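1. Got a predicted structure here, sequence first:
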Amino acid sequence: MEKFNELSEKQDRELVELLKNNSHEAFGELYARFRERLMYYCKQYMRSEADSEDIVHDVFVQLWGKRRFLNTELSFSGLVQTMTKNNITDRFRHLDVHSRYAQNMLVNTADSTNETENLIIDNDYTELLNELIEQLPPKQKEIFRLYRIEGLTYKGVSPTFSN
């Protein structure tokens with residue numbers, strides 16, 4: 001187990017090699033080395049200290065999970081910068097999806113509210129129409145029923161009442 005002060009003198013590649021071998025100390029040193037730089041990068045996009053902190057932590061959690069597959073020949077700085085950028089993009093994509101979902105729910109709720117209101121209004125009109133029809137004299141009521149409800153034409157209704 002190497003001490004932190006010894007690790008601070010090591011190159012990133014050496015620390016990545018130690019990290020690949022499950023060194024918590026190397027992981028801590030890499031975190032200390034890159035945290036502020038990644039936080040600065042995140043804050044340019046996120047506008048929130050807490051969101052930036054979450055993204056930087058997520059990047060390092062991902063690094064720990066993929067530590068065995070890290071390539072010591074590649075730039076660690078470039079890797080964490082790219083991972084941070086991808087996490088920011090994912091965060092915005094998630095927020096966009098969430099926003100579209102919320103907006104869709106509002107529209108659907110408004111539509112269903114309008115449908116409910118329209119159904120109530122239609123029922124009220126139907127009830128009022130039925131009350132008015134009931135007040136008609138019997139022959140007019142029958143003519144109205146045949147013409148409007150049964151769908152007969154004027155010619156179809158006339159023979160019924162020609163007698």
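-> It's in.
2. so where is this protein shaky, pLDDT-wise?
-> For the chain, the stretches with pLDDT under 70 are 1-5, 97-102, 107-114, 147, 154-163.
3. immediately after the lengthiest helix in the chain, which helix or strand?
-> For the chain, the longest helix by residue count, based on DSSP state H, is helix 76-134. Past helix 76-134, further along toward the C-terminus, the next helix or strand under DSSP states H and E is helix 138-144.
4. could you dump that next one to CSV, C-alpha only?
-> What follows is helix 138-144, C-alpha atoms only, in CSV (Å, rounded to 0.1, in the frame of the first residue of the first chain):
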residue,chain,number,x,y,z
PRO,A,138,-98.3,14.7,-29.7
LYS,A,139,-98.3,15.0,-33.6
GLN,A,140,-95.4,17.5,-33.6
LYS,A,141,-93.6,15.3,-31.2
GLU,A,142,-94.1,12.3,-33.5
ILE,A,143,-93.0,14.3,-36.6
PHE,A,144,-89.9,15.5,-34.8
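5. Report all helices and strands that that helix contacts.
-> helix 76-134, helix 154-161 (3 or more CB pairs under 8 Å, 6 or more residues apart in numbering; DSSP states H and E). Just so you know, the C-beta spots here come from the backbone N, C-alpha and C atoms, and that holds for glycine as well.
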